[in-house]
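Novice: model this:
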Amino acid sequence: MYPYRSACPRSIWRRLIGEADKELTFAGYTNYFLWLEIPNLRNVLRRKAERGCRVRFLIGDPNSEVTQRREELESVPLTVSTRIKITLDELSKIIHVPGVEARYGDDHIAMSVFIFDDDMLVTPHLANLVGHDSPMFHVQRQQDDGLYDRFAYHAAALWDGGGAIRELTPQ
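Specialist: You can find the predicted model right below:
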C-alpha cells in the first residue's frame, strides 16, 4: 500500500506493464500520468498488443458534466479535460493496432483500477485531491472471489458500460 499514488516507484509500474502478457487495463479517469512516468509507453503498448496482449483504456469524457465538476473540485491549472486530451492524443497514435481499445466512462471518477494480468493497482480518489495525492493499493490475485476478483468485476462492469470515443481515429 502507498499513502499516495505518486509514492509508488516507477519501477513497479514498469515491471507490471513489462511482465503482463494477457491483459493491460488502464481504468484511470485521465491516465495522463502514465505517458510521463513510463518511458516509451506508446511503443511498449504497441508491442504488447502485437504479441496478443489486450490493451484497454477507460477514460473520462473531457466534455462531460462529471469532468467539469471534477475540475471545479480539483481547481488546478492542468485541468481534468486537458489531462484526458493528452491521453486521447497518445491513444490516437496506437488505436489502429489490433488489441488496443479505448472507451469513455464517467462512472469511475472516484476510483482508478489498473490491471496487469494477475496484479492490479487500485486508487480510491479522496475528496478533492488529484489522483497522485490519493492512496494506492497493490492487489494480487490469490484466490477466486477474493479482493482481486472484486475489483476486476468492477473494472469489467465499467468497461461494459463505457461508450465509444468518437474523436479517436487511427493515424
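Novice: assign the closest residue to Ile84 other than its chain neighbours to helix, strand or coil.
Specialist: Once flanking residues are discounted, Ile84 sits nearest to Pro62: 4.3 Å by C-beta to C-beta, 6 or more residues apart in numbering. (C-beta placed from N, C-alpha, C; glycine too.) Assigned with DSSP: H, G, I helix; E, B strand; the rest coil, Pro62 falls in the coil class.
Novice: distance check, Pro62 against Pro3.
Specialist: With distances taken as C-beta to C-beta, to the nearest Å, Pro62 is found 29 Å from Pro3.
Novice: which of those two has more neighbours?
Specialist: Pro62 (20 against 10; other C-beta atoms under 10 Å).
Novice: doesn't Thr87 make contact with that one?
Specialist: No. Counting by C-beta atoms under 8 Å, Pro62 stays clear of Thr87, with 9.4 Å between them.
Novice: show me what the strand or helix carrying Lys85 is packed up against.
Specialist: Following DSSP states H and E, one finds Lys85 within helix 80-92. Here helix 80-92 touches helix 32-37, strand 54-59, helix 65-74, going by 3 or more C-beta pairs under 8 Å, 6 or more residues apart in numbering; DSSP states H and E.
Novice: need the winner for burial among these.
Specialist: Most buried of the helices and strands packed on helix 80-92 by mean neighbour count (mean count of other C-beta atoms under 10 Å) is strand 54-59; its value is a mean of 23.
Novice: tilt between the helix or strand of the chain with the lowest mean pLDDT and strand 54-59?
Specialist: Lowest by mean pLDDT, DSSP states H and E among the helices and strands of the chain is helix 65-74, with a mean of 89. Angular relation of helix 65-74 and strand 54-59 on a 0 to 180 degree scale: 70 degrees, by axes from the mean of the first three to the mean of the last three C-alpha atoms, to 10 degrees.
Novice: state the distance from Thr79 to Gln68.
Specialist: Taking C-beta to C-beta, one finds Thr79 at 9 Å from Gln68.
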